[in-house]
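Chemist: Kindly return the folded structure for what I paste below:
(chains A and B)
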Amino acid sequence: MRGLKYQMKSVLRDKFYLMTFLLPILVAVALNFMGSIDMSSLGELHFGVLENELSPQTVTWLERYGPVTAYGTREELTAAINEPSTNVIGVRADGDSLKTAVSGDELDIFRQAAATLPALYERREAAGQAKIQTLERPDIMESLQGIFIPAVLIVAMFMGCTFNAMNIISEKEDGVAFVNEILPMTSSQYILQKVVVGFLFGSLSSVVTACICFRLSLQNLWLMLALIVLSSFVAALIGLFIGKFSEGLMIGVVYIKIVMLVFIAVPILCALIGVSGPLAVVCNIVPSQPAFEGIMALSAGSIGTAMKDTGILAIHCIAWFALYVLIADGRPARE
Amino acid sequence: MGKGFCALFKKDCRMLASGKFFLMAIGFLALYTAYVNLGYIRFMQMEPYHVYLYDPAETQASKSSLVQTVPSMEVMDTALLADANGVGLDASAGEVRVVLYKGAEHIDRHRADYALSLLEPSVSLPPEVLGTNTPEQKARKEITCELLFFELAAVGFLGIAAVLFKEKGMGVIRVHAILPLQKDLFLLSKLAVFLLSDLVFAVLLTLLNTGLAEGAVVLPAVLIQTAILSLLMALAGLFCALLLKDFRQFTLAYLVIAIFAATPVFLSANTSVKFDWIHYHPFYHVYMGLKNAYFGTAISPVYYAGAVGTIVLLFLAVRFAFHRETGKEG
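Modeler: This next block holds a predicted model:
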């Protein structure tokens, strides 16, 4: 218990460690305010025209489909069309009709829109007469946030891993690891002390992040807490592995980077591609996958899936802990 | 002086090799190349809207071949559910009714009018193509540029700091303070090692991901931008490493760069989402320099003047901090 007190003292003195745990919370707050960023322009058609070339009626007609920007010279218009970050379609008068210009590097959807624009212009009188039935669908940004928020939670849980790994590596570099060798402490006490700090702060950071991002019912709240606690524990254990196998800070950073990439990439790719069957089972070897799936299931109200994922995480906890105890024989047990 | 520089350069190379820095760079090169060629290019595709027609009486005889006929409204509903960007046309009641899932207002109007126009297709001039890149070339250049920028900005910054902290711990700075060598050589050898490794990384990443022919064309301009970014980040890393006491703080800096600095820059530079304040973000200009190099767009001389000025200022600041450090150690 006293050892744990020392570990906590060392963490609380290092303001940068505290900031590491605060970072996901800041991102969660930023994500909550993401609605204020105008993302609607991402899939929109943008038109570029030459000043005073098209009639006001034609410009108004174009504005039905997307924003129109007028350029002073042909060179400016060409530069805007070729600008790689946008998909501007150049529109020019061609007698009674229109002709369009594209850069050629656009996605098919924009090229098709440019190719069919003159035909739409020809039948502009008929446009707007047909009856249109629109069906409701979830907001695209909402579904993106649905992936971002669990990803931020995974990062928050991962902070315990970063903390533990850096803590052990720093101790190795400073020679504190040698002092630990002669302390009257058993291997399991040492492991427990090291796990607890990263685990506690990782869990705390994740709980605050979850409180900012989710509004859950009481039953779901308990499941979310179980998911957070179990995955923070696994992350903290993985931090111990990284610390054990890293010979120096730089190698430690590389291992952390690789683990973090795998932790975030596997669940996001699984969610985007919709992995199923044996591959989905294999993906569960990465602990962030059941955590991510569980959080997604909870936000969608699927309790069964969340409970299954909690079970998988519990197995992870036992397996990783047993594995670490087995390989931690390098540190002699002393009573 | 030349001999001293060579000795320091060799020592830094050995140190990076023993710290598996080069191995890590090769590993990430392989990872990024696999991601670009096996993942990114496949995801970055967006087909034109699919149009589904329910026309039991076959009243639409002149419809385009792009229209897919469905046997019932149920089949159309299922198709639209799976393909929410698609447009359904119901001609069962005589007049054609458009059915679509709600999206952005302008896009919905365009989707509806486009779908209706396919019922009476007319031949019009194909759009004039003004650029030289295909969609795949653009996607490859864009992602290569992003990966190179991220790798140089984050890893270069961390790498040089890790090396300096290790040397601090080993007492190399203390030894250097009494060596009969110019003190600036210590800094210059480090910058040279990181610059060279970044340039090699940029060459390989560009050639492997944009193709040999295309890569060779853009490489000279890309290497100039890589040199600017590499020097800026290495100097910033050196400066922070000399000022800060602990390397652990750099893991935080790495996360800050990854999440807060890079995301708005990538969003503004690669999409039509433009933040008003992005021009005050220093990374935006450096990223745009690299991006313009990949796309062959002209780069303003003001940018070069600003970059050189910043590098000189940073070098002077690092030199001052290093002299102060060696003074303390000596």
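
Chemist: does the nearest residue to residue B:133 once chain neighbours are set aside sit in a helix, a strand or a coil?
Modeler: Of all residues not flanking residue B:133 in the chain, residue A:105 sits nearest, at 4.0 Å (C-beta to C-beta, 6 or more residues apart in numbering or on different chains). Where you see a C-beta, it was placed from the backbone N, CA and C, and this is true even at glycine. Three-state call for residue A:105 (DSSP: H, G, I helix; E, B strand; the rest coil): coil.

Chemist: What count of nearby residues applies to residue A:105?
Modeler: Neighbour count for residue A:105, taken as other C-beta atoms under 10 Å in any protein chain shown: 23.

Chemist: Could you do residue B:124 as well?
Modeler: Residue B:124 has 19 nearby residues by other C-beta under 10 Å.

Chemist: how much space is there between residue A:280 and residue B:315?
Modeler: Applying C-beta to C-beta, to the nearest Å, the value for residue A:280 to residue B:315 is 52 Å.

Chemist: what about the two, which has more around it?
Modeler: Between residue A:280 and residue B:315, residue B:315 has the larger neighbour count (other C-beta under 10 Å), namely 18 against 13.

Chemist: residue contacts, that one?
Modeler: B:187, B:235 (C-beta atoms under 8 Å, 6 or more residues apart in numbering or on different chains).

Chemist: hmm, 10 Å instead?
Modeler: B:184, B:187, B:188, B:191, B:231, B:235, B:238, B:239 (C-beta atoms under 10 Å, 6 or more residues apart in numbering or on different chains).

Chemist: For it, give its distance to chain A.
Modeler: 24 Å (C-beta to the nearest C-beta, to the nearest Å).

Chemist: Next one: the residue of chain A positioned farthest from its centre, what pLDDT does it get?
Modeler: The C-alpha centroid of chain A is most remote from residue A:95, which lies 50.6 Å away (C-alpha atoms, centre = their mean). Looking at residue A:95, its pLDDT is 81.

Chemist: Give me the phi and psi for it.
Modeler: Backbone torsions of residue A:95, given as degrees, to the nearest 10, read phi 70, psi -120.

Chemist: Which secondary structure elements does the particular helix or strand that has residue A:91 in it sit against?
Modeler: Per DSSP states H and E: residue A:91 is located in strand A:88-94. Applying 3 or more C-beta pairs under 10 Å, 6 or more residues apart in numbering or on different chains; DSSP states H and E, we find strand A:88-94 packed against strand A:46-50, helix A:56-63, strand A:68-71, helix A:74-82, strand A:97-102, helix A:108-122.

Chemist: Restricting to C-alpha, output the second one in CSV.
Modeler: Written as CSV, here are the backbone C-alpha positions of helix A:56-63 (Å, rounded to 0.1, in the frame of the first residue of the first chain):
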residue,chain,number,x,y,z
PRO,A,56,-28.2,35.7,-63.9
GLN,A,57,-30.9,33.1,-64.6
THR,A,58,-28.4,30.4,-65.4
VAL,A,59,-26.4,31.2,-62.3
THR,A,60,-29.6,31.0,-60.2
TRP,A,61,-30.3,27.6,-61.8
LEU,A,62,-26.8,26.4,-61.0
GLU,A,63,-27.2,27.5,-57.4
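
Chemist: can you give me the offset of it from its chain's centre?
Modeler: A distance of 40 Å separates the centroid of the chain from that of helix A:56-63, by C-alpha atoms, centre = their mean, to the nearest Å.

Chemist: Can you say which of the helices and strands packed on strand A:88-94 is nearest to residue B:226?
Modeler: Nearest to residue B:226 among these is helix A:74-82 (23.4 Å), distances taken as C-beta to C-beta.

Chemist: which helices and strands sit right next to that closest one?
Modeler: Counting by 3+ C-beta pairs under 10 Å, 6+ apart, helix A:74-82 packs on strand A:46-50, strand A:68-71, strand A:88-94, strand A:97-102.

Chemist: Let me have these in a markdown table, extended by mean neighbour count.
Modeler: A markdown table is the format used below for the helices and strands packed on helix A:74-82 (neighbours: other C-beta atoms under 10 Å in any protein chain shown):
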| stretch | mean neighbour count |
| --- | --- |
| strand A:46-50 | 20 |
| strand A:68-71 | 17 |
| strand A:88-94 | 21 |
| strand A:97-102 | 20 |
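
Chemist: ok so, going back, next up, the contacts around the residue nearest to residue B:133.
Modeler: Neighbours of residue A:105 in contact, by C-beta under 10 Å, 6+ apart: A:82, A:84, A:87, A:111, B:129, B:131-139, B:141-142, B:295.
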